[in-house]
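Chemist: okay, here's the prediction I keep looking at, along with the sequence it came from:
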Amino acid sequence: MQHDSAKFLQDALNCILAIQQDTAALSFDDYCRDRTLRNSVQWSLAILGEALTQLAKMDLATAERIVGYRDVIGLRNRLIHGYGSIDDEIVWDIVITHLSKLRVQLEQLLAN
């Protein structure tokens, strides 16, 4: 893995950690009621996707070790270019269901 690859992996991991910290012990209703929180989560997801985009450009072999990395990039594109069609339920499901798995993968890659 290249040195710059580790930076993009760490950036992605930092986004996940921030989202998990900001949403810990909150419900979907809490998320929906707090516009600032929604904006923060969406922005962190966009940065996460951009970090993986840059990783894939620089070190495709490492990016391909991340299950679903293309989905994360697709989410980033949707958040940035299709922001008017963002579904809060889908975003919340990603936060609750998928980020922990992605976090483990990123931590493992950074540890190696």
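Modeler: That came through fine.
Chemist: so where's this structure uncertain?
Modeler: 1-3 (pLDDT under 70).
Chemist: hey, which helix is longest across it?
Modeler: The helix that spans the most residues within the chain, counting by DSSP state H, is helix 35-58.
Chemist: who touches it?
Modeler: With contacts defined as C-beta atoms under 8 Å, 6 or more residues apart in numbering, helix 35-58 is touched by 2, 4-5, 8-9, 11-12, 15-16, 18-19, 22-23, 26, 30-32, 62-64, 66, 69, 72-77, 79-80, 83, 86, 88, 91, 94-95. Quick note: C-beta positions are derived from backbone N, CA and C, even for glycine.
Chemist: try 6 Å
Modeler: Outside helix 35-58, the residues that touch it by C-beta atoms under 6 Å, 6 or more residues apart in numbering are 4-5, 8, 11-12, 15, 18-19, 22, 63, 69, 72-73, 75-76, 79-80.
Chemist: pull the CA atoms of the helix or strand that that helix is followed by into CSV?
Modeler: Going down the chain from helix 35-58, the next helix or strand is helix 60-63, by DSSP states H and E. C-alpha atoms of helix 60-63 as CSV (Å, rounded to 0.1, in the frame of the first residue of the first chain):
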residue,chain,number,x,y,z
LEU,A,60,-7.0,0.6,-7.2
ALA,A,61,-5.7,-2.7,-5.7
THR,A,62,-6.3,-1.4,-2.1
ALA,A,63,-9.6,0.2,-3.0
